[in-house]
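# sequence and predicted structure below; questions after.
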Amino acid sequence: MEATDLRRIPSSDPLRAYRYRDGLYAADLVTAALVHLDFFTWLAANPSDLAAICRHFGFAGRPADVMMTLFCANGFVTREGDVFHLSDSGRDFLLASSPWSLAPYYRSLKDRPVTKDYLKVLSTGKPANWGGYDESADWHRAMEDEAFARQFTAAMDCRGVLMGPAMAQALDLSRFSRLLDIGGGSGIYACSLVANHPKLSATVFDQFSVEKIARTRIAELGYADRVDVRAGDMLKEELPGGYDLHLYSNVLHDWDLPEVRQLLAASFRALAPGGMLLIHDAFIDADKCGPLPVAEYSALLMHSTQGKCYSTAEYEVLATEAGFRGFSFRTTAADRGVMTAGKP
């Protein structure tokens, strides 16, 4: 197998391969709404804001928000201010009374396990189990198991071999010296940053089940002299000090608003004055009407984690609340981007 070079990115386009995986569950969410709930027929007669939709169907706010973002991104619904309306294509193809209704076409798939999962997630707001791992364990509890943690971390490391260098090469970090990679998993993103920014050293901060995995992978990549690992619980203890860069790479999207607020506030407290926050993730547009591939990926996250893909506007509001200023955003690779903000 060819050695991993974190200063190189492939010349071919990875989007099709990534989008099949990231959008895997979106069709099940459409099926749940169309077949089990007849949601689009109701919306045609009752244009509503998100709160009214939640009241009528008994939905929790987070999954309902993800669902409506997906439907807007597909053009099934439109939004006027805060009010959602069924679009012309929605009336043609998703309305029960339409001669072109596709509900019977979708109905043969109504008993797919993930479709049924969405009915529970929409009503409870709680994630379903991750990919059939164990019916009693959502993703966060499953990560406490070493075998699952190893499997999941390897999957995210595979993705990071592309996304890490693309992120690193999009940033000018010449004035920074010490990075804390919070929830850094295998260390692939920390290694990517130090590989492309020679003045940087880094610490991966993640839970105990990942510590050994991260140390092994960092050594394999050849960065054990510049990237170390510290085990801890980012939601139960203060973040370590002495760093002028904080990175959340594909981390905040696993959590609901209270945890995201908590983590950003913890970063602001711990980060050195003049330091920078990096959020590397898949971002919903500020108007929450796209992009479609990210809206589809958000459906997967909503199903299996406590989070979703947040919009650029939501992150700016949350980071501003924590005290950060001076935001910028740029796209990187595979429908991802990186947002930066500074601590005055």
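Ah, there it is.
# spatially central residue in the protein, please.
Nearest to the mean C-alpha position of the chain, counting by C-alpha atoms, centre = their mean, stands His253 at 3.4 Å.
# what sits closest to that residue if chain neighbours are left out?
Gly307 (4.8 Å; C-beta to C-beta, 6 or more residues apart in numbering). C-beta: built from backbone N, CA, C; applies to glycine.
# that neighbour against Leu257, yeah?
No. Proximity of Gly307 to Leu257 does not meet the contact threshold set by C-beta atoms under 8 Å, at 9.1 Å.
# these two: who's more crowded?
When Gly307 is set against Leu257 and neighbours are counted by other C-beta atoms under 10 Å, the residue ahead is Gly307, at 22 against 15.
# for the more buried one, report the pLDDT, please.
As summarised for this prediction, Gly307 has a pLDDT of 97.
# what separates it from Glu259, distance-wise?
The spacing between Gly307 and Glu259, counted by C-beta to C-beta, to the nearest Å, is 8 Å.
# isn't Tyr106 right up against Leu37?
No. Counting by C-beta under 8 Å, no contact exists between Tyr106 and Leu37, whose distance comes to 11.8 Å.
# what about the two, which has more around it?
Set side by side, Tyr106 and Leu37 show unequal neighbour counts under other C-beta under 10 Å, the larger going to Tyr106 at 19 against 15.
# the more buried one: what's it in contact with?
Contacts were defined as C-beta atoms under 8 Å, 6 or more residues apart in numbering; by that measure Tyr106 touches Val30, Thr31, Leu34, Val35.
# any idea how far the residue nearest to the centre of the chain is from Leu278?
Counting by C-beta to C-beta, the gap between His253 and Leu278 amounts to 14 Å.
# cool, Tyr243 as well?
Here the criterion is C-beta to C-beta. By it, Tyr243 lies 11 Å from Leu278.
# ditto for Ser12
Summarising the geometry, the distance separating Ser12 from Leu278, computed by C-beta to C-beta, is 26 Å.
# higher neighbour count, the two?
In this view Ser12 and Leu278 are compared by other C-beta under 10 Å, and Leu278 has more residues nearby, 23 against 6.
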